[in-house]
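Colleague: Sequence first, predicted model second:
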2 protein chains.
Amino acid sequence: MSEKPKILHQQIVSKSRLFTVEEVEFKFSNGVERTYERLIAGGAGAVMMVAMFDDEHVALIREFGGGIEEYSLTLPKGAVDLGETLEHAANRELQEEIGFAAKKITFLKHMSLSPSYMKSGIDIFLAEDLYPSVLEGDEPEPLELIKWPLANLQELVMRDDCNEGRAIAALYLARDYLDGRKA
Amino acid sequence: MSEKPKILHQQIVSKSRLFTVEEVEFKFSNGVERTYERLIAGGAGAVMMVAMFDDEHVALIREFGGGIEEYSLTLPKGAVDLGETLEHAANRELQEEIGFAAKKITFLKHMSLSPSYMKSGIDIFLAEDLYPSVLEGDEPEPLELIKWPLANLQELVMRDDCNEGRAIAALYLARDYLDGRKA
């Protein structure tokens, strides 16, 4: 395994309200120099939750994606506020997006989005022991909540309107974790 | 399920070599207007391959991610060239990244990356009946190739250096697909 490339130079090349692009010049251990462009993460990270209503049913939301211009079935998620713990952010987003809080929050996995081009990652949590609790969110319209049987995961992931890679990964990871705990 | 929001206005707000940011004003069916920023996709799409050496072993690469500044274990992938079919791109990238071509390429799934903020998607393919065939790629250093037993998927996804959400999703989808075919 190679030694990590060294950074020779880096600079911000463009900036909008949400996106900051950085140019980085790396020197690889074999001597090759290569300039990359990457998005640098603003804020304090992001969380995505696999929230279980019982042993069988997971909370999905149907949400409009401004990027893909489609409604899709996915998992509740959101940005971590500055100064907030990941667990707090997870529970806050659940209350904003599905109207439930969780008594039990378990870290499952840190995932990267596009390792070559983005610094951003997202932390995946399993949320259990849910109880009704609503916080006002910033959604432009109420999100539709769907209780999906995790036993039908394969049917879900074959649907065209279930397409977010990291949500699909999170659902499989949670299923593995829950199966492992039962065993 | 709501009617899709209408676009009231859209304009490019920043542009670098790789990233173009667009501001879009949507009007939701409930009358709420909301301005989004999103990355618009350049090029002709992207492909990611679950390449099987035999019934058991999948091709992983260890690659430096300029975004996360770490080496990670992931799947071969790449951008589709203009005028190229997805299947051709899949087979070309395999030859560039792992030094094998596939006689059989099966479409598994279209995945979105970040539906709220990015138009980009990636098409996942299962690649089988591999044979050695090398094409020169544009990697700054040779990628390390690892033949991983798909039966040990759970061990793989628990590793910190296996963290790309869509690759984890693709591996699970391929395993489901292969298991279904055996049954």
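Modeller: It's in.
Colleague: Can you show me the helices along chain A?
Modeller: A:86-97, A:153-158, A:165-182 (DSSP state H).
Colleague: in the first one, what counts as buried?
Modeller: So that's helix A:86-97. A:86-87, A:89-97 (16 or more other CB atoms under 10 Å in any protein chain shown). In this view, the C-beta of every residue, glycine as well, is placed from N, C-alpha and C.
Colleague: got it, and the last one?
Modeller: By neighbour count with 16+ other CB under 10 Å, helix A:165-182 contains the buried residues A:165-178.
Colleague: cool, and the second one?
Modeller: The neighbour-count check on helix A:153-158 (16+ other CB under 10 Å) flags A:153, A:156-157 as buried.
Colleague: in stretch A:14-24, what counts as buried?
Modeller: Residues of stretch A:14-24 classed as buried under the neighbour-count rule (16+ other CB under 10 Å) are A:14-16, A:18-24.
Colleague: how long is that stretch end to end?
Modeller: End-to-end distance for stretch A:14-24: 13 Å, by CA to CA, to the nearest Å.
Colleague: same deal with stretch A:152-162?
Modeller: End-to-end for stretch A:152-162, by CA to CA: 13 Å.
Colleague: so where's chain A uncertain?
Modeller: In the predicted model, chain A carries pLDDT under 70 at residues A:1.
Colleague: How about stretch A:78-92 and chain B, any contact?
Modeller: No. Judged by CB under 8 Å from any CB of the partner chain, stretch A:78-92 and chain B are separated, with a smallest distance of 10.0 Å.
Colleague: That stretch: how far from the chain's middle?
Modeller: In terms of CA atoms, centre = their mean, to the nearest Å, the centre of stretch A:78-92 is found 12 Å from the chain centre.
Colleague: how about chain A, which residue sits the furthest from its center?
Modeller: Distance from the centre of chain A peaks at A:Gly31, with 35.5 Å (CA atoms, centre = their mean).
Colleague: In JSON lines: the helices of chain A, plus distance to A:Gln10.
Modeller: Compiled in JSON lines, those are given as follows (distance: least, CB to CB, whole Å):
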{"stretch": "helix A:86-97", "distance to A:Gln10": "27"}
{"stretch": "helix A:153-158", "distance to A:Gln10": "38"}
{"stretch": "helix A:165-182", "distance to A:Gln10": "26"}
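Colleague: gap between A:Lys119 and A:Gly83?
Modeller: Here A:Lys119 is placed at a distance of 20 Å from A:Gly83 (CB to CB, to the nearest Å).
Colleague: between these two, which one's more packed in?
Modeller: A:Lys119 (20 against 7; other CB atoms under 10 Å in any protein chain shown).
Colleague: domain assignment for chain A?
Modeller: Segmentation of chain A into domains, based on automatic domain parsing, reads A:6-40, A:46-182.
Colleague: Could you list which of the buried residues of helix A:153-158 also contact chain B?
Modeller: Checking those against chain B (CB under 8 Å from any CB), the matches are A:Val157.
Colleague: ok, which stretches of chain A are strands?
Modeller: Along chain A, counting by DSSP state E, strands occupy A:6-15, A:20-27, A:33-40, A:46-51, A:57-65, A:70-74, A:77-79, A:100-112, A:121-132, A:144-149.
Colleague: and the third one, is it in reach of chain B?
Modeller: When you say that, I think you mean strand A:33-40. Yes. Interface with chain B: strand A:33-40 contributes A:34, A:36-39 (CB under 8 Å from any CB).
Colleague: swap in the last one?
Modeller: Yes. Under the criterion of CB under 8 Å from any CB, strand A:144-149 makes contact with chain B via A:Glu144.
Colleague: Pull out the buried residues from that strand.
Modeller: A:145, A:148.
Colleague: That one packs against which elements?
Modeller: strand A:57-65 (3 or more CB pairs under 8 Å, 6 or more residues apart in numbering or on different chains; DSSP states H and E).
Colleague: And the first one, by the same measure?
Modeller: Judged by 3+ CB pairs under 8 Å, 6+ apart, the packing partners of strand A:6-15 are strand A:20-27, strand A:33-40, strand B:6-15.
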